[in-house]
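> sharing a model prediction with you, sequence too.
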Amino acid sequence: MKNAPKIVWNPRRLDMRAFAQAGASLQAEEQLSTFARLHAERAPDASVASESVRWLARGEMRPGASGDEPEAWLLLQVDVRMPLTCQRCLGPVDVPLTVERWFRFVADEATAEAQDDDSEEDLLALEPRPNLLDVLEDEMLMALPLVPMHEVCPIPVRMQVGDVDEAADDAAPVPQNPFAELARLKK
């Protein structure tokens, strides 16, 4: 008996229906630079060593709503330590991003748009064939924290513009009554 040929799935143009019908899965580790929009969010002085994105995609068919024909579903799991800029100390901070999301596939963009408001799950179109890496990047961008920060910054954080001692020495004496100061200037 001859073995069935192994199908090679192209994540950049995935035939989602066939992928789900086969119950197939893909997993890979990509460099962060593969995802240009996400790479642009990284801290400028971040180390390059920890910048890899690990992801898994698994397809399956599920019964359709109200007994319709089965629908293609996709599970995406992503794990990355994203080097961002701490908004407190302005130093680099590695933020762990983990995404696990299910998507239901419908025939086209018009169907996805029509069903989107009534649907709890995320919808994507079967055609044009999705670029899995673009979907992964979108999900990682949405998972970024609004304000990345260290739990405890590695350097002391100054919470004012100047040092208290320097500011006290440089500041002119504040008059008790501003109108008295104006009267003095008028003379």
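Right, received. Where do you want to start?
> other SSEs contacting the longest helix out of those in the chain?
The single longest helix within the chain, with elements called by DSSP state H, is helix 132-143. When contacts are defined as 3 or more Cβ pairs under 8 Å, 6 or more residues apart in numbering; DSSP states H and E, helix 132-143 sits against helix 36-39, strand 52-62, strand 71-85, strand 92-106. C-beta: built from backbone N, CA, C; applies to glycine.
> mind putting those into JSON lines with distance to residue 25?
Formatted as JSON lines, the helices and strands packed on helix 132-143 follow (distance: least, Cβ to Cβ, whole Å):
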{"stretch": "helix 36-39", "distance to residue 25": "23"}
{"stretch": "strand 52-62", "distance to residue 25": "4"}
{"stretch": "strand 71-85", "distance to residue 25": "9"}
{"stretch": "strand 92-106", "distance to residue 25": "14"}
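> pipe those into CSV and attach mean pLDDT per row.
Formatted as CSV, the helices and strands packed on helix 132-143 follow (pLDDT from 0 to 100):
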stretch, mean pLDDT
helix 36-39, 93
strand 52-62, 95
strand 71-85, 94
strand 92-106, 93
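> could you identify the helix or strand that succeeds the lowest-mean-pLDDT helix or strand in the chain?
Ranked by mean pLDDT, DSSP states H and E, the helix or strand of the chain with the weakest confidence is helix 164-170, at a mean of 54. Using DSSP states H and E, the helix or strand that follows helix 164-170 towards the C-terminus is helix 178-186.
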